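1. this is the structure alone, sequence omitted:
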């Protein structure tokens, strides 16, 4: 009579343990993704990050051409590591604009001289205001922006060689 | 002996190159002049997650980005925005993850429903027992 009910607590514990095993088995994901994918860029106007190179504003994106927006900083080691991949992306036909986070013009100039300058425009963001407005949680990050200024894709972390064709494809899809 | 000393010296932590050379944002470490606004800012910053050190609040963290977020919070409050509007703006950028204050939603409703269900179940059990005893 009471026989099958005796197993209920065991079943409940087994279900709970199963849930734990399922969740613990998933790879850890610390990335905080931007909630702005599919939405237009927030309006902004930055000062030039380095003398002699045009600054960046949200209005620069409304000309119908898709672009990569690279969020970087001269003090960021992975940003130096992804420099060859940015050069490869430019060679692949991508137009890349950038925002330098918490940076001094002199430091940005040294960084560009050392690691190359694939950027057509660079804005300076001394208090991370644009970075926060973009929902970006660190450097480096790269956003794919379509020709209407809508954010299409976010790449978190440094761009590896294997990411280059994928980003070029995202850029084509955004065009 | 001298070699040992040299080895020991080599073990001393060398200051890593500074993360960035810019000074903190004006309101990263400076309180607002209006104590009421500063209290509101403090309450809000205590419940916003630092993106660099993900288990700290931006009020607790010394990460440069947390300082920049404190600057944002304080300047927005000083400009007349309400704390909940600033929280909403940040959730709009980073999702619920940025806020330590859970809000009922599609994935969080069990969190709010389970205590109510347990309370109802407990009351039912008690009611049944009491009735059983009075009989």
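-> Everything's here; your move. Small disclaimer: the values here were computed from a predicted structure and weren't measured.

2. where's residue 68, which helix or strand?
-> Just going to use chain A. Using DSSP states H and E, residue A:68 maps to strand A:67-72.

3. my bad, chain B
-> Using DSSP H and E, residue B:68 falls in helix B:64-78.

4. residues from chain B in reach of chain A?
-> Contact residues, chain B versus chain A (Cβ under 8 Å from any Cβ of the partner chain): B:17-22, B:25, B:51-52, B:54, B:64-65, B:68-69, B:71-72, B:90-95, B:97-98. Every C-beta, even on glycine, is put in place using the N, C-alpha and C of the backbone.

5. contact partners for the nearest residue to residue A:62 once chain neighbours are set aside?
-> Counting by Cβ to Cβ, 6 or more residues apart in numbering or on different chains, residue A:62 lies nearest to residue A:149, which is 5.1 Å off, once chain neighbours are set aside. By Cβ atoms under 8 Å, 6 or more residues apart in numbering or on different chains, the residues touching residue A:149 are A:40-41, A:58, A:61-62.

6. tell me the spacing between residue A:149 and chain B.
-> Distance of residue A:149 to chain B, given as Cβ to the nearest Cβ, to the nearest Å: 17 Å.

7. got a pLDDT number for that residue?
-> Looking at residue A:149, its pLDDT reads 95.

8. how about residue A:175?
-> Confidence score, pLDDT, at residue A:175: 81.

9. residues near it, how many?
-> Per other Cβ atoms under 10 Å in any protein chain shown, the neighbour tally for residue A:175 reads 12.

10. shouldn't it be in contact with residue A:148?
-> No. Residue A:175 sits out of contact with residue A:148 when judged by Cβ atoms under 8 Å, with a separation of 10.9 Å.

11. so which residues of chain A form helices?
-> Per DSSP state H, chain A has helices spanning A:8-25, A:77-81, A:83-91, A:105-115, A:129-134, A:163-174. These are given in chain order.
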